[in-house]
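Engineer: no letters, just coordinates:
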């Protein structure tokens with residue numbers, strides 16, 4: 001039997017969250033914080049209702065979709081996110097910050113980023129502290145550890161098929177807000193490459209487009225993994241010729257661009273962006289990249305459930321700076337693999353990661369990954 005919700009539990013969790021952060025927050029941020037605090041997913045509609053019904057009594061609305069605990073707006077000074085989040089690690093041309101990516105982007109200098117390559121959380125669920133603790137413990141939660149296949153262990157993966165309508169709505173709002181705070185920090189013509197999943201990529205793409213980014217296509221990472229292709233659970237023998245879902249053989253990476261100023265040539269001359277760097281004189285940048293699964297050698301260096309191989313990342317990172325100059329950002333840095341790819345290419349890069357455990361992984365991994373011969 002499901003545990004009954006204590007009356008006022010969500011409201012109290014919202015109050016506790018605001019007291020902890022000491023500043024204003026969006027509905028999406030409050031939802032993620034409350035879900036992590038209570039150890040279960042709280043629908044954004046519930047959080048929004050509590051905020052609206054208890055405003056102006058308990059909460060204050062300080063902007064579009066942003067709230068603060070009553071009295072905090074006057075007593076708490078505006079937080080200088082950049083001042084409070086110094087670099088926690090530097091190596092070569094790479095700088096890593098520990099911060100919430102949305103807050104960091106809001107405080108970042110406008111027009112200071114020339115390209116983005118990132119593998120973000122596909123929802124607001126799988127990277128909460130509660131779900132990460134369950135993943136690290138090897139049991140429970142939204143993360144599924146598939147059974148071995150022909151003697152090979154398979155990496156854990158989030159069960160996106162189990163996301164509720166409320167969680168999918170949260171995902172859509174999250175990426176809309178992400179796009180809105182990302183857009184100002186990009187120079188005109190900057191490309192944004194976002195790893196996704198076939199089950200949710202349409203929502204991510206729609207949200208980023210609504211935020212003001214131009215969709216420029218999709219990069220297909222052509223890779224055969226051990227995900228999908230399973231027969232019906234507990235009915236393998238009964239339905240031996242049936243697969244519940246297709247065997248995964250590709251991965252979508254959504255491609256967006258901030259609108260250019262004037263023509264592409266004019267934008268390249270002024271900002272160094274607007275196009276993609278060609279592979280060679282004869283070969284343009286293509287939208288299909290053949291890729292092997294991430295090697296055991298790389299996974300040993302950087303223990304992260306969504307680690308992508310350097311051989312693939314270096315091609316993508318190379319492509320987003322057509323003039324070989326500028327700053328590449330990964331706002332969901334994880335193990336620092338994007339920063340490592342940029343470092344291998346001699347590019348300047350910036351990463352933002354909230355999880356202290358992954359910050360430590362990145363500190364150990366960036367140099368080693370950047371020096372791999374691929």
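Structural biologist: The structure has been received and is ready for your questions. Quick caveat, the model's predicted, so the values are computed rather than measured.
Engineer: helices along the stretch 1-150 of the chain, start to end?
Structural biologist: 9-21, 27-38, 44-53, 72-75, 81-84, 101-107, 129-137 (DSSP state H, counting those that start in this stretch).
Engineer: now render the ones you listed as TSV, adding mean neighbour count and mean pLDDT.
Structural biologist: Where C-beta positions appear, they are placed from N, C-alpha and C, glycine not excepted. TSV is the format used below for those (neighbours: other CB atoms under 10 Å; pLDDT from 0 to 100):
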stretch	mean neighbour count	mean pLDDT
helix 9-21	17	81
helix 27-38	23	84
helix 44-53	17	82
helix 72-75	13	54
helix 81-84	13	54
helix 101-107	20	93
helix 129-137	16	56
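Engineer: distance to residue 214 for those helices - can I get that in CSV?
Structural biologist: Output for the helices of the stretch 1-150 of the chain, formatted as CSV (distance: least, CB to CB, whole Å):
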stretch, distance to residue 214
helix 9-21, 34
helix 27-38, 23
helix 44-53, 27
helix 72-75, 36
helix 81-84, 28
helix 101-107, 19
helix 129-137, 33
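Engineer: which of those helices sits closest to residue 346?
Structural biologist: Residue 346 lies closest, by CB to CB, to one member of these: helix 101-107, at 24.4 Å.
Engineer: how far does that closest one sit from the chain's center?
Structural biologist: 13 Å (CA atoms, centre = their mean, to the nearest Å).
Engineer: now swap in stretch 179-188 and tell me
Structural biologist: Distance of stretch 179-188 from the chain centroid (CA atoms, centre = their mean) equals 15 Å.
Engineer: how long is it end to end?
Structural biologist: Across stretch 179-188, the terminal residues are separated by 14 Å (CA to CA, to the nearest Å).
Engineer: for residue 196, see how far away residue 41 is.
Structural biologist: Using CB to CB, to the nearest Å, we find residue 41 at a distance of 21 Å from residue 196.
Engineer: so these two - more neighbours on which side?
Structural biologist: Neighbour tally, residue 41 and residue 196, criterion other CB atoms under 10 Å: the higher count belongs to residue 41, 23 against 20.
Engineer: measure the more buried one to residue 185 for me?
Structural biologist: Counting by CB to CB, the gap from residue 41 to residue 185 is 30 Å.
Engineer: what of residue 307?
Structural biologist: From residue 307 across to residue 185, the span is 26 Å (CB to CB).
Engineer: go on, residue 60?
Structural biologist: For residue 60, the distance to residue 185 (CB to CB) stands at 27 Å.
Engineer: now do the helix or strand residue 298 falls within: which elements does it pack against?
Structural biologist: Secondary-structure assignment from DSSP states H and E places residue 298 in helix 296-301. Helix 296-301 sits against helix 356-370, with contacts defined as 3 or more CB pairs under 8 Å, 6 or more residues apart in numbering; DSSP states H and E.
Engineer: how about 10 Å then?
Structural biologist: Judged by 3 or more CB pairs under 10 Å, 6 or more residues apart in numbering; DSSP states H and E, the packing partners of helix 296-301 are helix 310-320, helix 337-345, helix 356-370.
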